[in-house]
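*Asks:* attaching a predicted model along with its sequence, questions to come.
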Amino acid sequence: MFKRNHVSVLAMLASFLFFTACSDDAGSNPMLVATESSAAESSSSEVISNPVSSSEVASSSSAISNLEKIVVTTQLPKCDALNEGAVDSLWNGDAKYGFSISYYKCEKGNWYEAEPVVACDTAGVSVGDLCNVHVSEGGFYCCGDRWGKCYEYAGNGKWDESDCLKAPAKECNAENEWDTGKITYSNGYTEFYQCLHFVYSNLDGEHDEGILWKLVDEVVYNCTTRKTVEGDTCSFESQGEMHYYLFEGGYWYESNIDPKLGACPINENAYYGQRFKESDSAFYYCDKGKWMPTKLIPQQYTDPRKKGLTDEEYDVLDLPKEASVNDRAAGLLEDCWDKDVLLAQKLEHNSDIGFQYSYCLPQNYYRYREDGTWTLETSDDEMVDYVQ
C-alpha cells in the first residue's frame, strides 16, 4: 500500500511561523511549525527515461537524486507552473508492518525522484539550523520506531547531511533524573527525551550506562515521572486533539475514558487482564476502547469472601487441605471471555457461520509440593506432565 503526503513549497514559504525554544530545549534549535501532512491511499508509480536535455538537467536542484528518471504516477498531482518547486512523497507500506518514504520534486513540468533533503525548506533558517526528515518507520516488529535523515544548514540554500543533536542541551544528571526535554527541528519535527538511569542486559551481562538522555515517545514525555504507578491515567493535547492513556504492565496504552467506568485501552493487544467494572448493579467489560455490558463475570467480582483480601490471598482459599505430591488444583481468580463472533467462511452453499463463545478459566494453577505446601505451577511442572 502507498500513502501520499503532499507538501507545497510555495505554501510553506507563505505559512511558516517562528517560535522561541523553551529554556529546557536545545537553545540552538529553530522552532518552525511544519505544514501538516495528509495521507491518502495510493498505488504503484512508474519511472521512465528523462526526455530533458543534459544542460537542462544540470541546472536542476542538487537535491534530485537521479536526474535520468522522471516519475509518472496518478498518485502525485499535476506538475505545472502553478506548483513549480513543490515537494511530495509516497509512503510505501503501512503503519502495522512498517513503511519507507520516497520524496519527489516538481521541476519544469515533471516530477523527479529526490533526496529527503528536499523536504527541508530554507525560508527563515540560519546557518547551523537542523532539519530531520521522516524516511521510514518500523511496524510492530520494530516497536514502531521512526527513522529520519538529519541535515544541517550550511548557508546559500545548501543543507549538509549531519548526525545532528542526540539529546537536549540541558544537562542530565542525578539531580534532574526523570526530567524531560525536546528538540524541535526547522521542519517542525520534534524528538522527545527523558533523563533516565539506563541499565540494559545482554549475553555479556548487565551494563550500566549511567544517567543520560533517552529518546522516548510523546506519551512518556508528557506522562511518566518517578511517581508513576500501575493504573495511573494521563491526558494531554497533541496536534489539536486530546489523548488519554492508562499505565499498565510498564507501558502507557491509549484509551477511552468513561466518566463512571474509567479507562478502557483501545488497542486490542494491550495487556489489561480482562478488565471488568460494576456500575449501577450492572457489569461491563473492556473491549477495544468500549465498555460492553456482560452477564459473564469472573467470580472474584461477586464472591463476598474476596472483600478485604488481596488477589493472592483469595486465589488459594479453596485449595485442598489433603493432597499428594504433584497434585494440581486451580485457583479462584478467573479470566472470562464474552464475545459475539461472526466467522465468514465460504462453504459449499456460500453460507456464513455465526457463533458466540463465552467462558471463564482459572488465572492460575497450583502444585502440591513435598513440604506440604501449594505453590504456583511452573513451566517445569508442565514439561514433566508432557513427558509423562
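*Replies:* Cool, the structure landed.
*Asks:* pretty sure Leu165 sits against Leu130.
*Replies:* Yes - contact status for Leu165 versus Leu130: in contact at 6.7 Å, counting by C-beta atoms under 8 Å. For the C-beta atoms, the positions are set from N, CA and C on the backbone; glycine is no exception.
*Asks:* more neighbours, these two?
*Replies:* Each of Leu165 and Leu130 has its neighbours counted (other C-beta atoms under 10 Å); Leu130 has more, 24 against 18.
*Asks:* give me phi/psi at the more buried one?
*Replies:* Here is the backbone geometry of Leu130 (degrees, to the nearest 10): phi -110, psi 150.
*Asks:* what do you get for Gln299?
*Replies:* phi -60, psi -20.
*Asks:* list the residues that contact it.
*Replies:* The contact partners of Gln299, taken as C-beta atoms under 8 Å, 6 or more residues apart in numbering, are Leu332, Glu334, Cys360.
*Asks:* low-confidence bits of the stretch 1-150 of the chain, can you list those?
*Replies:* For the stretch 1-150 of the chain, the stretches flagged by pLDDT under 70 are 1-69, 71-73, 95, 140-144.
*Asks:* against Ala263, how distant is Leu315?
*Replies:* For residue 315 the amino acid is Asp, not Leu. 25 Å (C-beta to C-beta, to the nearest Å).
*Asks:* same deal with Leu332?
*Replies:* Counting by C-beta to C-beta - Leu332 and Ala263 are separated by 26 Å.
*Asks:* cool, and Arg146?
*Replies:* 26 Å.
*Asks:* so between the two, which is more surrounded?
*Replies:* Ala263 (26 against 14).
*Asks:* wait, the more buried one sits on Leu246?
*Replies:* Yes - using C-beta under 8 Å, Ala263 is in contact with Leu246, at 4.0 Å.
*Asks:* overlap in contacts, these two.
*Replies:* Thr233, Ser255.
*Asks:* and the chain, what are its domain boundaries?
*Replies:* Following automatic domain parsing, the chain resolves into domains at 2-161, 313-387.
*Asks:* hey, where'd the helices end up in this structure?
*Replies:* Taking DSSP state H as the criterion, the chain carries its helices at 9-15, 54-58, 218-223, 311-315, 379-387.
*Asks:* re earlier: what is the nearest of the contacts of Gln299 to Gly181?
*Replies:* Nearest to Gly181 out of the contacts of Gln299 is Glu334 (C-beta to C-beta; 45.0 Å).
*Asks:* next up, the contacts around that closest one.
*Replies:* Per C-beta under 8 Å, 6+ apart, neighbours of Glu334: Pro298, Gln299, Gln300, Cys360, Leu361, Pro362, Gln363.
*Asks:* for Thr294, same thing?
*Replies:* Applying C-beta under 8 Å, 6+ apart, the residues near Thr294 are Phe276, Phe283, Tyr284, Tyr285, Cys336, Asp338.
*Asks:* from the centre of the protein, point out the most distant residue.
*Replies:* Centroid-distance maximum for the chain: Glu322 at 50.3 Å, with C-alpha atoms, centre = their mean.
*Asks:* may I have stretch 96-106 exported as CSV, CA atoms only?
*Replies:* Output of stretch 96-106 as CSV, limited to C-alpha atoms (Å, rounded to 0.1, in the frame of the first residue of the first chain):
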residue,chain,number,x,y,z
LYS,A,96,1.4,-2.1,11.1
TYR,A,97,4.3,-3.7,9.1
GLY,A,98,6.4,-0.5,8.6
PHE,A,99,6.9,1.8,5.7
SER,A,100,9.5,3.8,3.8
ILE,A,101,9.0,7.2,2.3
SER,A,102,10.2,8.4,-1.1
TYR,A,103,10.5,12.1,-1.9
TYR,A,104,9.8,13.9,-5.2
LYS,A,105,10.2,17.4,-6.5
CYS,A,106,8.3,19.2,-9.3
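*Asks:* could you list the low-pLDDT ranges of the stretch 201-350 of the chain?
*Replies:* In the stretch 201-350 of the chain, residues with pLDDT under 70: 268-274, 338-350.
*Asks:* swap the cut-off to 50 and go again
*Replies:* By pLDDT under 50, the low-scoring segments of the stretch 201-350 of the chain are 341-348.
*Asks:* can you pull out the strands in it?
*Replies:* For the stretch 201-350 of the chain, applying DSSP state E, counting those that start in this stretch gives strands covering 205-216, 233-238, 241-248, 251-258, 262-265, 276-279, 282-287, 290-294, 328-330, 334-343.
*Asks:* out of the contacts of Gln299, who's nearest Val384?
*Replies:* Leu332 (24.8 Å).
*Asks:* hmm, the closest one is touching Glu313, no?
*Replies:* No - taking C-beta under 8 Å as the definition, Leu332 is not a contact partner of Glu313, at 10.1 Å.
*Asks:* ok, Lys260 - contacts?
*Replies:* With C-beta under 8 Å, 6+ apart, Lys260 has these contacts: Ser279.
*Asks:* can you give me phi and psi for it?
*Replies:* The phi/psi pair for Lys260 (degrees, to the nearest 10) is phi -100, psi -40.
*Asks:* what's the spacing between it and Lys288?
*Replies:* From Lys260 to Lys288 the distance is 19 Å (C-beta to C-beta).
*Asks:* likewise Ser162?
*Replies:* For Ser162, the distance to Lys288 - C-beta to C-beta - is 42 Å.
*Asks:* now do Gln363
*Replies:* 22 Å.
*Asks:* go on, Val216?
*Replies:* 26 Å.
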